[in-house]
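**Q** need the 3D shape of this:
(one chain, ligands or ions: 2)
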Amino acid sequence: MVKICCIGAGYVGGPTMAVIALKCPSIEVAVVDISVPRIAAWNSDQLPIYEPGLDEVVKQCRGKNLFFSTEVEKHVCEADIVFVSVNTPTKTRGLGAGKAADLTYWESAARMIADVSKSDKIVVEKSTVPVKTAEAIEKILTHNSKGINYQILSNPEFLAEGTAIEDLFKPDRVLIGGRETPEGFKAVQALKSVYAHWVPEDRIITTNLWSAELSKLAANAFLAQRISSVNAMSALCEATGADVAEVAYAVGKDSRIGPKFLNASVGFGGSCFQKDILNLVYICECNGLPEVAEYWKQVIKINDYQKSRFVNRIVSSMFNTVANKKVAILGFAFKKDTGDTRETPAIDVCKGLLGDKAQLSIYDPQVTEDQIQRDLSMNKFDWDHPLHLQPMSPSTVKQVHTVWDAYEATKDAHAVCILTEWDEFKKLDFQRIYDNMQKPAFVFDGRNVVNANKLREIGFIVYSIGKPLDAWLKDMPAVA
Ligand SMILES: NC(=O)C1=CN([C@@H]2O[C@H](COP(=O)(O)OP(=O)(O)OC[C@H]3O[C@@H](n4cnc5c(N)ncnc54)[C@H](O)[C@@H]3O)[C@@H](O)[C@H]2O)C=CC1
Ligand SMILES: O=C(O)[C@H]1O[C@H](OP(=O)(O)OP(=O)(O)OC[C@H]2O[C@@H](n3ccc(=O)[nH]c3=O)[C@H](O)[C@@H]2O)[C@H](O)[C@@H](O)[C@@H]1O
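**A** Ligands and ions are numbered 1, 2, ... in the order given. The predicted structure is shown next:
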């Protein structure tokens, strides 16, 4: 029986391995992690991450051919194929701080593999890593090899959170990069045969190592660039009276451009877009390509601009101050159908409002009070480290209250900000909300989920990203 071990039981390692176990009953899959609570949660009824469809997949295989364990060394030693899906945060200190990927966790995983292995192994990069990382990993493994042969493959993951199971069941493509040697080709074939259990052959792309590594960074950069492009247009729409949804629809109808990923928003979030672009920027700089680095940096700059533009719009509309005003925040996760808050635009928007002394009442159906408090008091990039290495007891932000109901959050509020596009926000009784709010009552829709005209009929002053401004907002320009 082929044995797979995955180091890192996170958002990628957990769902990816659960699907491999489901689709390949003849393969034994062990997912290991240094985080004891995380593994305990994977072995319980309350999985550590919320992802539609994940519970069912895990329930079907756990204890049969899918195991979650903290016995990292044992499972690595026994495995034929070792996936590495550990954190690759942005460096906060030293060379490349604020941009380069911190490969500490990756390197320690590689050294541990070299230490405990007693048989040949295929080592698969599942984490998103800088191009040429495989070369470094190869050196660590071969210099400590004790006669064992290692083949390094790059097999980046393209799943999106909230649709991870769907994406894993029917991937647009699976990408496998390997060395162009007979041993390399053999290793690529071995991994290909795992995916071939359920992925059509023409969707499994094989390339050289560096193409696979770079394709992952390129794909995320292209996706984020589309959002920054439409968000840049949203500012121009507001200035001119155009409607960004109409513009995006018209532009997306061109089959060369396509309709997906053109929703204007308060900004993109998530654990990877910013991190991976910063990483790409750093690689460009290191390769003497400052113009290319500047080009990609702009994608992040527009994203930061979009978030601060949103905060400025709120404050300027409300008589240039939100001091001591209750502002309801609906949605804190970085997108709907996930409880993940890593790099969520809600953090920057809330921090901006807190900077202007607002009182925040936050409701998100999947995010806990503890998580929100941690996010609002943590330093940039600290979130991307294993849980037990994050700050233990960050200070409480007193002007923030977390509630478990949208009506409670909006009661007596001066304004409502929608920061995540949860479906339930579309169905709220806005008349009831309006009746219980201070007047004038404002809605700032950072995800374009509400029917602005209906809300205006109720009496709200409404701001929607990239839509023609109502008279109130026109008179109060958002100047930074
Ligand atoms: N979150 C996402 O949607 C996607 C993430 N990625 C990439 O996948 C990688 C992992 O991301 P996530 O799963 O989101 O991170 P995560 O933080 O959810 O999971 C990483 C896990 O690795 C564990 N870990 C770290 N060092 C370890 C070690 N030496 N031994 C054992 N366990 C160790 C941590 O405790 C943690 O549970 C990153 O490189 C990320 O860029 C790629 C595609 C999608
Ligand atoms: O490498 C990764 O981590 C993953 O990053 C993204 O996936 P994810 O961040 O989970 O979610 P997305 O659906 O891409 O959304 C990212 C952010 O962009 C925002 N977004 C998305 C689409 C859009 O049209 N407008 C928009 O503002 C979302 O609200 C969210 O904040 C990519 O879509 C995945 O292919 C990739 O594997």
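
**Q** only C-alpha atoms from now on, for both contacts and neighbour counts.
**A** Noted.

**Q** ok, A79 - contacts?
**A** Residues near A79 by C-alpha atoms under 8 Å, 6 or more residues apart in numbering: V2, K3, I4, C5, K121.

**Q** let me redo that: I113
**A** Per C-alpha under 8 Å, 6+ apart, neighbours of I113: E73, V76, C77, L141.

**Q** redo that, cut-off 10 Å
**A** 7, 72-73, 76-77, 82, 107, 121, 123, 140-141, 144-145 (C-alpha atoms under 10 Å, 6 or more residues apart in numbering).

**Q** ok, and for the helix or strand harbouring it, which residues are buried?
**A** Under the criterion of DSSP states H and E, I113 resides in helix 104-116. Neighbour counts over helix 104-116 (16 or more other C-alpha atoms under 10 Å) mark Y105, W106, E107, A109, A110, R111, M112, I113, A114, V116 as buried.

**Q** how about the second one: what's its closest non-neighbour residue?
**A** Going back to what we said before, that points to W106. V86 (6.4 Å; C-alpha to C-alpha, 6 or more residues apart in numbering).

**Q** does that neighbour count as helix, strand or coil?
**A** Classification of V86 using DSSP: H, G, I helix; E, B strand; the rest coil returns coil.

**Q** and stretch 257-277, how far apart are its ends?
**A** With C-alpha to C-alpha, to the nearest Å as the measure, stretch 257-277 spans 21 Å from end to end.

**Q** stretch 12-20: how far from the chain's middle?
**A** A distance of 16 Å separates the centroid of the chain from that of stretch 12-20, by C-alpha atoms, centre = their mean, to the nearest Å.

**Q** L353 contacts T321, correct?
**A** Yes: taking C-alpha atoms under 10 Å as the definition, L353 is a contact partner of T321 at 9.4 Å.

**Q** are there residues contacting both of those two? Which ones?
**A** Counting by C-alpha under 10 Å, 6+ apart, the residues touching both L353 and T321 are N312, I314, V315.

**Q** just give me the neighbour total for F169.
**A** Neighbours of F169 under the rule other C-alpha atoms under 10 Å: 14.

**Q** show me the contacts for it.
**A** Contacts of F169 (C-alpha under 10 Å, 6+ apart): T16, V19, I20, K23, W198, V199.

**Q** those in strands, which ones?
**A** Using DSSP state E, no member of these falls in strands.

**Q** quick one: which of those is nearest to ligand 1?
**A** Using C-alpha to the nearest ligand atom, T16 comes nearest to ligand 1 of the contacts of F169, at 9.5 Å.

**Q** so what pLDDT did the nearest residue to that closest one once chain neighbours are set aside get?
**A** Leaving aside its chain neighbours, T16 sits nearest to L168 (6.9 Å; criterion: C-alpha to C-alpha, 6+ apart). As predicted, L168 sits at a pLDDT of 98.

**Q** how close does L168 get to G177?
**A** For L168 relative to G177 (C-alpha to C-alpha), the value is 18 Å.

**Q** same deal with V251?
**A** From V251 to G177 the distance is 34 Å (C-alpha to C-alpha).

**Q** of these two, which one has the most company?
**A** Legend: neighbour count by other C-alpha under 10 Å for V251 and G177, higher for G177 (25 against 15).

**Q** quick check: phi and psi on the residue of the stretch 251-400 of the chain found nearest ligand 1?
**A** Residue of the stretch 251-400 of the chain nearest ligand 1, by C-alpha to the nearest ligand atom: P386 (4.1 Å). P386 has phi and psi values of phi -50, psi 140 when expressed as degrees, to the nearest 10.

**Q** what about the strands in the stretch 301-450 of the chain?
**A** Per DSSP state E, counting those that start in this stretch, the stretch 301-450 of the chain carries strands over the ranges 326-330, 359-363, 400-402, 415-418, 442-445.

**Q** any idea which of those gets closest to T92?
**A** For the strands of the stretch 301-450 of the chain, the distance to T92 is smallest for strand 400-402, at 27.1 Å, taking C-alpha to C-alpha.

**Q** so which elements touch that closest one?
**A** strand 326-330, strand 359-363, helix 369-377, helix 406-410 (3 or more C-alpha pairs under 10 Å, 6 or more residues apart in numbering; DSSP states H and E).

**Q** and the ones you listed, which is most packed in?
**A** strand 326-330 (a mean of 26; mean count of other C-alpha atoms under 10 Å).

**Q** which strands and helices sit next to that one?
**A** Using 3+ C-alpha pairs under 10 Å, 6+ apart, the elements in contact with strand 326-330 are helix 345-355, strand 359-363, strand 400-402, helix 406-410, strand 415-418, strand 442-445.
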